[in-house]
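# Let me see the structure of the following:
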Amino acid sequence: MGGDTALATLPDSGQGWEPLMAEMANLRFTRPLAAPGEDAGQTIGFESSLTLDAGRALSPFTVAFKTYGTLNDDRSNLVLICHALTGDQFAASRHPLTGKPGWWDMMIGPGKPIDTNRYFVLCPNVIGGCMGTTGPAETDPSTGKPYGLSFPLITVRDMVRAQAMLLDALGIEKILCVLGGSMGGMQVLQWAASFPERVVSAVPIAAAARHSAQNIAFHEVGRQAIMADPDWKNGDYALHGTRPAKGLAVARMAAHITYLSETALQNKFGRTLQDRDSFSFAFGPDFQIESYLHHQGITFVDRFDANSYLYITRAMDYFDLAAEYGGVLAEAFRGTQTRFCIISFTSDWLFPTAENKKVAHALNAAAANVSFVEIASDRGHDSFLLDEPEMFAAVRGFLNSVASQHGVF
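Got it, this is the predicted structure:
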């Protein structure tokens, strides 16, 4: 899915954007839309190269993004949203492909913690993604065929570099606040380390400065499930007219368990049977939790690309911010003027509070301005996507303080 690009300028329409020396287009989908009337956002195509950590350059490439609110005259009210592994740019609006509400719809909007009456909110799809930004499902211009596994390996730093190029194209220098949870939080930390002069404030939520051995292990199980599916075709399934749906569904099922907590699973499902009074003595989904995981897998396959899952999980595995700075995490933030608010959840065992505190301690060692909020929740890692009033209050209060300090009203 890409854009039918043509030389264009971003419409002014109150946004305050200037003409771009880039190709801009609306997003074009290759799958049937559940909500065809919804705003699909925009894409910008770059002819310049994106230099990757793998030692290769990606050119040309496209970044798809969605915006909410209005950019003010001095372009000082940008809030950049970084999405997680299976997220995309549709953070606060109905998804055209699925028809479902935005994944952070409770957080972003008029009068909400990230108030679009006050802030200009931009959410890009990451490099390697499958919602309009260049990734393995897109066409390789040198062959006219989908990249598949010829697409270069990417890192979280590559994702952030591409986002920086997007902001350059939009004529926006400063980010009032960059926020994100999980892999989005990794991008937040990378932004603060790579472009400290551009980031006024940063809110990494339920994240870490590196991926743990346990998390890498879970990702490898998911990748192997995909690659073991006969329909994967060594990554060339698009050329064969197949999709590794079973493998991708299993990968999603395994990952989804890590997003929850034992308490949440017990409270929601326990050992309750699904539409039956007794065991079937067969291998269908007897239990509600089994049926739930099957549903998660099936619906995920309808909106996500299997190769993108391989690439993005690998990017998360490679993430180790301290490694870029001699193994000392504090050096990533030495001299920073960025203001930080770190948020974690008590029941998150994927990115536990201890990992978030390591980031806070490193920021303290670098004499950075940092606050830390640990929220009591029994809903696990996915708490950052759910109705958590304490999180909403923390984000609202932090953003209001930063905005008032910098004259954004």
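
# Identify the residue spatially nearest to Thr353, adjacent ones excluded.
Closest residue to Thr353 apart from its sequence neighbours, by CB to CB, 6 or more residues apart in numbering: Ser344 at 4.3 Å. In short, each C-beta sits where N, CA and C put it, glycine included.

# Let me see the contact set for the one you found.
With CB atoms under 8 Å, 6 or more residues apart in numbering as the criterion, the residues that contact Ser344 are 205-206, 351-353, 355-357, 372-375.

# go again using 10 Å as the cut-off
185, 204-208, 351-357, 359-360, 372-375, 377, 383-384 (CB atoms under 10 Å, 6 or more residues apart in numbering).

# quick one, what contacts the residue nearest to Gln187 when sequence neighbours are not counted?
With sequence-adjacent residues excluded and distances taken as CB to CB, 6+ apart, Gln187 is closest to Cys82, at 3.8 Å. Shown in contact with Cys82 (CB under 10 Å, 6+ apart): 91, 123-124, 126, 156, 159-160, 163, 178-191, 204, 207.

# And for Cys123?
Counted by CB under 10 Å, 6+ apart, Cys123 has contacts 41, 64-68, 79-83, 87-93, 102-104, 108, 179-180, 184.

# Could you list which of those residues belong to strands?
64-68, 79-82, 108, 179-180 (DSSP state E).

# what's the closest of the residues you listed to Leu265?
Proximity of those to Leu265 (CB to CB) peaks at Gly180, which lies at 25.3 Å.

# in terms of contact, does that closest one touch Phe384 like I think?
Yes - the pair Gly180 and Phe384 qualifies as a contact (CB atoms under 10 Å) at a distance of 9.0 Å.

# For the two, list the residues in contact with both.
Shared contacts of Gly180 and Phe384, counting by CB under 10 Å, 6+ apart, come down to 84, 104, 205-207.

# Between all of those residues, which two are separated the most?
Maximum distance among the shared contacts of Gly180 and Phe384 (CB to CB): 15.0 Å, for Trp104 and Ala207.

# And the two? Which one has more around it.
Ala207 (29 against 26; other CB atoms under 10 Å).

# contacting residues around that one?
82, 84, 180-189, 319, 342-344, 348, 350-351, 355-356, 359, 384.

# Any of those buried? List them.
82, 84, 180-189, 319, 342-344, 348, 350-351, 355-356, 359, 384 (16 or more other CB atoms under 10 Å).

# so of those residues, which ones are in helices?
Secondary structure from DSSP state H places 183-189, 355-356, 359 of the buried ones among the contacts of Ala207 in helices.

# got CSV for these, with distance to Ala323 too?
What follows is these, written out as CSV (distance: CB to CB, whole Å):
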residue, distance to Ala323
Met183, 17
Gly184, 20
Gly185, 17
Met186, 13
Gln187, 16
Val188, 18
Leu189, 13
Glu355, 15
Asn356, 19
Val359, 14
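
# Tabulate those residues (CSV), appending distance to Ser404 and pLDDT.
Output for those, formatted as CSV (distance: CB to CB, whole Å; pLDDT from 0 to 100):
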residue, distance to Ser404, pLDDT
Met183, 30, 98
Gly184, 25, 98
Gly185, 24, 98
Met186, 28, 98
Gln187, 26, 98
Val188, 21, 98
Leu189, 25, 98
Glu355, 31, 98
Asn356, 26, 98
Val359, 25, 98
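
# of the residues you listed, closest to Arg314?
Closest to Arg314, out of all of those and judged by CB to CB, is Met183, at 11.7 Å.

# My read is that that closest one contacts Tyr259, right?
No - taking CB under 10 Å as the definition, Met183 is not a contact partner of Tyr259, at 12.0 Å.

# list residues touching both of the two?
Going by CB under 10 Å, 6+ apart, residues that sit against Met183 and also against Tyr259 are 84-86.

# Format the residues you listed as a markdown table; extra columns: pLDDT and distance to Asp168.
Shown next, in a markdown table, are these (pLDDT from 0 to 100; distance: CB to CB, whole Å):
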| residue | pLDDT | distance to Asp168 |
| --- | --- | --- |
| Ala84 | 98 | 24 |
| Leu85 | 98 | 26 |
| Thr86 | 96 | 28 |
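
# show me where pLDDT drops low in the stretch 1-150 of the chain?
1-26, 28, 30 (pLDDT under 70).

# Show me the strands in the stretch 101-250 of the chain, by range?
108-109, 114-115, 120-124, 139-140, 145-146, 177-181, 201-205 (DSSP state E, counting those that start in this stretch).

# Could you check the angle the third one makes with strand 78-82?
Right, strand 120-124. 30 degrees (axes from the mean of the first three to the mean of the last three CA atoms, to 10 degrees).

# Strand 120-124 pairs with which strands?
As defined by DSSP bridges, the strand partners of strand 120-124 come to strand 61-68 (antiparallel), strand 78-82 (parallel).

# same check, this time on the fifth one
Neighbouring strands of strand 145-146 in its sheet, by DSSP bridges, are strand 139-140 (antiparallel).

# show me what contacts the most centrally placed residue in the chain?
By CA atoms, centre = their mean, the chain has its centre lying nearest to His83, at 2.0 Å. Contact analysis of His83 by CB under 10 Å, 6+ apart lists 89-91, 103-104, 123-126, 129, 131, 159, 180-184, 187.

# how about a cut-off of 8 Å?
Contacts of His83 (CB under 8 Å, 6+ apart): 89, 91, 103, 123, 125-126, 180, 183-184.

# Correct me if wrong: Gly297 contacts Ile257.
No - in this structure Gly297 lies outside contact range of Ile257 using CB atoms under 8 Å: 11.4 Å.

# okay, those two: which has more neighbours?
Gly297 (21 against 15).

# Give me the neighbour count for Asp231.
For Asp231, using other CB under 10 Å, the count is 16.

# Over to Val221?
Going by other CB under 10 Å, the residues that sit close to Val221 add up to 12.

# quick one: it from Phe351, how far?
18 Å (CB to CB, to the nearest Å).

# And Ala34, by the same measure?
In terms of CB to CB, Ala34 sits 31 Å off from Phe351.

# nearest to Pro152, of the strands of the stretch 101-250 of the chain?
So among the strands of the stretch 101-250 of the chain, strand 139-140 is nearest, using CB to CB, at 10.8 Å.

# so how far is that closest one off the chain centroid?
23 Å (CA atoms, centre = their mean, to the nearest Å).

# ok, now stretch 39-50?
The answer for stretch 39-50 is 17 Å, by CA atoms, centre = their mean.
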